[in-house]
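Asker: Provide a 3D model corresponding to the input given below.
(one chain, ligands or ions: 1)
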Amino acid sequence: MASLGFAQSFFRRLPDLPKEVQKRIPELLGRFQESTIAGLHLEKPHALADDRGRTIRVTKFWRGVVMAPVEGDHYILFDVLEHDRAYVWLANHTFAINSATREVEIVDVEAMRNVSKSLPSVAGDLRPGAFDAYGNTVLLELGIEAVHLPLVRRVRADTDLDLLSRAMPHSQHEVLEMLAAGYSVREVRAELGIRSSVVSREPDPSVAALASPTVFVPQSARELQEALEHPLELWRIFLHPTQRRIAYREKFAGPVRVTGGAGTGKTVVALHRAHHLARRLPEKHGRPVLVTTFVRTLAEGLRAGLASLDAVTGADTSSAVEVTTVDALAHRIVTEVEGAAPKIVLDDDSLTKIWTAATAATGAPFTPAMLRQEWENVILARGVRTPMDYLSAPRAGRIQPLTRTQRLQVWTAVEYFLGVLGDSGERTFHQLADDAAQYVRSGAAGDLFPHVVVDEAQDLHPVQWRLLRAVVADGPDDLFVVGDAHQRIYDHRVALTAMGINVRGRSHRLRLNYRTSEEILTWAVALLNGQVVDDLDGGLDHLDGYRSAFRGVQDPTAHGYLTAAAELDGLVSTIRGWLDGGVEPAAIGVAARTRRMADDATDALRAAGIEPSPLDRRKRGGVEIGTMHRMKGLEYRAVAVVDVSARSVPLPQAVTSQTVEATLHVQDLQRELCLLHVACTRAREFLAVSWSGAPSPFLKMILEA
Ligand SMILES: Nc1ncnc2c1ncn2[C@@H]1O[C@H](COP(=O)(O)OP(=O)(O)OP(=O)(O)O)[C@@H](O)[C@H]1O
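Answerer: Got it, this is the predicted structure:
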């Protein structure tokens with residue numbers, strides 16, 4: 001009986017395959033398990049970069065790309081592609097097993113050739129080589145293949161290293177990047193889980209490949225079916241060593257912080273950690289593990305992910321994990337303690353009206369927006385409860401100084417605001433979190449949670465952090481926090497330490513983006529234009545070493561139109577093109593800065609006979625459309641970001657005027673830029689950015705490049 005292993009690259013492709021092709025995959029395994037080799041009808045193309053390359057028919061138009069063994073009958077499926085692409089792929093790629101990590105790797109031979117042409121030659125360049133300090137033996141031990149050493153020796157500068165990333169298997173490139181970033185050889189080994197210092201090679205690479213951490217070998221059709229239905233679970237098998245070490249560590253002595261750019265698997269790691277912690281709870285436990293995130297839709301995704309992990313591990317963590325948003329948690333605590341559901345002000349305009357009235361009532365010389373900022377980001381954020389406390393409260397990050405008299409005027413306005421809300425018995429969500437935190441601290445809210453896992457941490461307000469800090473006792477594995485300040489789309493900035501969450505010595509950064517093609521990622525990072533953001537703990541974060549795990553088929557497109565109507569026509573034809581190319585409607589996302597533009601796009605698609613699924617409604621299945629804010633945490637095969645026009649991005653009404661508060665102005669601009677970055681990094685393969693009239697100033701760098 002022959003066996004078939006499924007490489008990680010196949011599972012990455014899986015969600016993008018047409019449904020009828022996906023359905024045929026289990027059959028493929030059956031054929032290997034039942035047939036003789038001759039009966040498999042493997043085809044050996046004439047043009048092959050690697051003699052082991054074969055294709056196998058999946059449907060009339062689709063072919064599996066398979067590595068055949070030199071001897072024996074262990075096969076590996078690497079990809080499933082349209083007929084012609086499968087042949088081109090095999091003409092350009094070779095297979096290899098990383099001698100240090102045992103990962104199966106694919107080498108793009110043509111890309112390697114191109115890189116070789118572009119790298120500086122050793123002879124003509126007097127600059128020292130970037131890896132001169134490391135001998136060949138060390139590099140080989142770390143998994144750099146001997147054939148790549150001559151290229152590695154030619155790397156002089158970061159740009160050369162970037163070039164190499166276009167062709168070299170990423171497990172090898174990652175080693176080089178870490179060394180270049182100053183990691184010691186020991187640290188590289190520890191981080192990547194490279195144990196042996198002896199270079200060992202298996203006699204038969206196809207046998208070794210089956211034992212590779214990046215190949216899944218199902219023992220039965222049922223096991224494969226489960227893997228296909230719950231691909232997330234596969235990341236347990238395929239988790240990058242860095243991810244695995246964090247998610248499955250036996251114990252952390254205290255809070256943990258995991259940062260990393262978009263698509264680096266932070267949510268996946270958080271899910272695995274939560275599942276691991278839940279399985280470790282004693283059978284008779286009190287509260288479950290608490291998993292929180294920002295919005296309801298993301299909480300639903302986390303719940304589905306945990307159910308998926310349950311399905312494949314055979315565990316039942318349904319009563320051992322609670323997934324909720326921080327707002328819902330606060331609401332529940334307050335309802336339980338007060339015995340009635342609190343009334344919440346949901347409408348932002350109502351709040352603005354109260355602040356406007358507060359300004360008029362107190363005669364204070366401030367704008368409603370400034371008063372609101374002061375209330376949210378100083379008074380509420382710092383837990384200031386009296387005018388005396390407010391007079392001495394630090395206002396770090398705000399350059400417009402306030403005199404004592406002005407602070408008292410602000411306080412009068414705040415009292416007015418609280419009075420109006422108090423009279424109507426209403427609270428904002430932030431007040432609710434504040435109240436809930438106080439109830440928990442006073443012991444009125446019952447038992448604490450054993451562990452808390454926080455996703456999308458960058459957008460939580462300090463009062464929400466106070467609540468999360470309060471609901472779990474200080475101690476081992478108390479808080480597990482994942483986030484990325486490059487994706488901060490609300491105004492809240494905190495230093496975890498200031499919130500009583502000390503992550504020193506327990507901070508990890510993920511660097512490999514599994515979602516977005518290299519072409520799209522390069523674009524989305526260029527968009528950020530070197531913006532400096534924080535690391536969630538008062539320090540600075542960076543995107544060094546952040547890169548994509550795969551190359552795509554297309555560069556992002558950027559297109560301007562004369563009118564909004566023409567842009568919507570353009571959107572329709574872009575989406576038609578994707579649909580015609582085989583992209584499923586639900587694998588397409590459309591993002592706009594404003595709700596109005598999202599609605600216009602919805603109408604335009606509907607009028608063109610393309611079914612839209614607005615993200616703020618529950619019905620799914622069509623092309624998903626929403627504001628950039630709603631795109632947070634989601635991902636699509638193809639994304640159109642529309643109306644990236646000067647009048648909408650940055651949105652003028654969301655940006656404090658420079659004359660009112662210069663620091664806020666800069667922060668607001670950064671937030672708007674991050675929002676655009678978030679929208680663009682939702683795309684896996686195709687990204688189309690468009691505008692009408694003048695383009696957004698954020699596109700300037702990219703359009704001029
Ligand atoms: N080790 C891995 N191998 C392959 N794919 C992975 C791996 N880890 C995560 N992924 C996939 O990468 C994509 C991004 O993962 P995830 O959503 O967890 O990233 P994230 O860092 O939380 O992203 P964002 O911050 O943009 O929301 C998902 O499709 C996920 O299944």
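Asker: ok, now which ones touch Met67?
Answerer: 50, 52-54, 75-76, 78, 95, 206, 209 (Cβ atoms under 8 Å, 6 or more residues apart in numbering). In this view, the C-beta of every residue, glycine as well, is placed from N, C-alpha and C.
Asker: neighbours around Ala566, how many?
Answerer: The tally of other residues near Ala566 (other Cβ atoms under 10 Å) stands at 13.
Asker: what does the one 10 residues further on give?
Answerer: Here the neighbour count serves as a burial measure; for Arg576 (other Cβ under 10 Å) it reads 14.
Asker: which residues touch it?
Answerer: Taking Cβ under 8 Å, 6+ apart as the test, what Arg576 contacts is 608, 610.
Asker: Contact residues of this structure facing the ligand?
Answerer: The interface of the chain toward the ligand, taken as Cβ under 6 Å from any ligand atom, is made up of 8, 12, 232, 235, 238-240, 243, 260, 262-268, 484, 487, 514-515, 633, 635, 681.
Asker: Just the ones of those residues in helices?
Answerer: 8, 12, 232, 235, 238, 243, 266-268 (DSSP state H).
Asker: Turn those residues into JSON lines, including pLDDT and neighbour count.
Answerer: Putting those into JSON lines (pLDDT from 0 to 100; neighbours: other Cβ atoms under 10 Å) gives the following:
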{"residue": "Gln8", "pLDDT": "88", "neighbour count": "21"}
{"residue": "Arg12", "pLDDT": "84", "neighbour count": "18"}
{"residue": "Leu232", "pLDDT": "71", "neighbour count": "19"}
{"residue": "Trp235", "pLDDT": "76", "neighbour count": "22"}
{"residue": "Phe238", "pLDDT": "83", "neighbour count": "21"}
{"residue": "Gln243", "pLDDT": "90", "neighbour count": "25"}
{"residue": "Lys266", "pLDDT": "96", "neighbour count": "27"}
{"residue": "Thr267", "pLDDT": "95", "neighbour count": "19"}
{"residue": "Val268", "pLDDT": "94", "neighbour count": "20"}
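Asker: Just the closest of the residues you listed to Thr324, please.
Answerer: Within these, the smallest distance to Thr324 is 15.4 Å, found for Thr267 (Cβ to Cβ).
Asker: Could you find the closest non-adjacent residue to the residue of the stretch 551-700 of the chain found nearest the ligand?
Answerer: Ranking the residues of the stretch 551-700 of the chain by distance to the ligand (Cβ to the nearest ligand atom) places Gly633 first, at 4.5 Å. Spatial nearest neighbour of Gly633, excluding adjacent residues (Cβ to Cβ, 6 or more residues apart in numbering): Leu298 at 4.5 Å.
Asker: re the thing from before, quick check: of the ones in helices among the residues of the chain next to the ligand, which lies closest to Gln531?
Answerer: Lys266 (19.2 Å).
Asker: hang on, isn't that closest one packed against Val256?
Answerer: No. The criterion here is Cβ atoms under 8 Å, and Lys266 misses it with Val256 at 11.8 Å.
Asker: and the closest residue to the ligand within the stretch 401-550 of the chain, how many neighbours?
Answerer: Nearest to the ligand in the stretch 401-550 of the chain, going by Cβ to the nearest ligand atom, is Tyr514, at a distance of 3.3 Å. As a burial measure, Tyr514 scores 20 neighbours (other Cβ under 10 Å).
Asker: measure Phe252 to the ligand for me?
Answerer: Here the criterion is Cβ to the nearest ligand atom, to the nearest Å. By it, Phe252 lies 19 Å from the ligand.
Asker: For Asp478, see how far away that residue is.
Answerer: The gap separating Phe252 from Asp478 is 9 Å, by Cβ to Cβ, to the nearest Å.
Asker: quick one on the thing from earlier: tell me who's in contact with the nearest residue to the residue of the stretch 401-550 of the chain closest to the ligand once chain neighbours are set aside.
Answerer: If you skip the residues right next to it in sequence, Tyr514 has Ala549 as its closest partner in space, 5.0 Å away by Cβ to Cβ, 6+ apart. If you count contacts by Cβ under 8 Å, 6+ apart, Ala549 has them with 12, 170, 512-514.
Asker: No further queries at this time; thank you.
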